[in-house]
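Peer 1: Predicted model follows, preceded by the sequence.
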Amino acid sequence: MTRSMMSQAAPPTELRNPRTADIDTLESGDVLRLLLEEDARAVEAARAATGPLALAVDAAHRRLAAGGRVHYFGAGASGRLAVLDATEITPTFGVARELFTSHFAGGAAALTDSSIDREDAESLGEADAQALGPGDVAVGITASGSTRYVAGALRAAGAGGALTVLITCNPDAPLRDLAEILVVADTGPEALTGSTRLKAGTATKVMLNAFSTALMIKAGRTYGNLMVGLVATNAKLAERAVSLLMEATGAGAEACRSALAEADGAIPEALVRLLTGCSATEARAALGAHQGVRAAVAALSHPAERRRSHPAERGRAR
């Protein structure tokens, strides 16, 4: 990134917000009202970016379906939100941790210590994205649209053939030419001038959550709006799994617990069995051959397909 790219006019997030100019003179309730009203504007700005965000989801889905992975790159508040989103994918959808990786400028130490600031380390971004290839997706997250670490990452990822996406709150983002898909939530001036952990942070979180969740829905990791891929790592989630099966099938709690136990805790397998009455082997085979519970259930509803899912039939076919 050249110096001329960095010397453009201040991004909208750095301008002064006239609606909050006297915020320090107000009572607490009015302060909170103003802050939350600005956050509501940020959500509307994110919603206005639905079109390009959908393009990013569809393009990323094609790569993930072929075995690719998603990589987030960011620094500061934007980067921390990316780490949060990537971290929650596995327990929510039951996918491998490597499917979503978040790269933070400066690594783990900088993530929790804001005095370690590697935002301007363009070469570090290049190094972190060096291994990305044509099957991968690189998502740069920067409120200002000018973070040098993100610039280095997008440049290296693009050179390697990866899909490049830029999520920003600056319509005139200096890094826009480094991304195949530009996603902009024009949040405008912050409630506190330049504090992008506020409105820009809200819009960024909303867009990242929507992006990753839509990808997992397209990948068949839900059944309707139920999180069938969730990993029950504690008692609360174990009960949620039972409740989920009861909601989806109408079966009783004991039948759902039994199906889960027989499936070694795998909700999709238990759900397919409860919905179709098939065997554990048939459920496992159908899920292996089709993307998601709904597709597996549809396949098992066809007699010919169900015969192909039966181990004896598969043995004769060989």
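Peer 2: Nice, thanks for sending it over. Because the structure is a prediction, the values reported are computed rather than measured.

Peer 1: give me the low-pLDDT residue ranges for the protein?
Peer 2: Applying pLDDT under 70 to the chain picks out residues 1-8, 303-318.

Peer 1: what's the helix or strand for the residue most central in space within it?
Peer 2: Within the chain, the residue whose C-alpha comes closest to the C-alpha centroid is residue 212; the distance, by CA atoms, centre = their mean, is 2.4 Å. Under the criterion DSSP states H and E, the helix or strand holding residue 212 is helix 199-218.

Peer 1: by contact count, what packs against the next helix or strand after that helix?
Peer 2: Secondary structure here is assigned by DSSP H and E; on that basis, the next helix or strand after helix 199-218 toward the C-terminus is helix 235-249. Taking 3 or more CB pairs under 8 Å, 6 or more residues apart in numbering; DSSP states H and E as the contact definition, the neighbouring helices and strands of helix 235-249 are helix 253-262, helix 267-276. Where you see a C-beta, it was placed from the backbone N, CA and C, and this is true even at glycine.

Peer 1: Report the angle between the last one and helix 253-262.
Peer 2: Yep, that's helix 267-276 we're talking about. Helix 267-276 and helix 253-262 are oriented at 130 degrees to each other (axes from the mean of the first three to the mean of the last three CA atoms, to 10 degrees).

Peer 1: before we move on, the earlier item: how distant is the helix holding residue 212 from the center of its chain?
Peer 2: Between the mean C-alpha point of helix 199-218 and the mean C-alpha point of its chain there is a distance of 6 Å (CA atoms, centre = their mean, to the nearest Å).

Peer 1: name the helices or strands packed onto that helix?
Peer 2: Packed against helix 199-218 by the contact rule (3+ CB pairs under 8 Å, 6+ apart) you find helix 28-47, helix 50-65, strand 70-74, helix 76-93, strand 137-141, strand 163-168.

Peer 1: As CSV, the ones you listed with mean neighbour count and distance to residue 116 would be great.
Peer 2: Converted to CSV, these look like this (neighbours: other CB atoms under 10 Å; distance: least, CB to CB, whole Å):
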stretch, mean neighbour count, distance to residue 116
helix 28-47, 15, 27
helix 50-65, 17, 30
strand 70-74, 27, 15
helix 76-93, 21, 11
strand 137-141, 30, 18
strand 163-168, 29, 23
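
Peer 1: So which of the ones you listed is nearest residue 196?
Peer 2: Put simply, out of the helices and strands packed on helix 199-218 the one that sits nearest residue 196 is helix 76-93, at 5.6 Å, with distance taken as CB to CB.

Peer 1: Perfect, that will be all.
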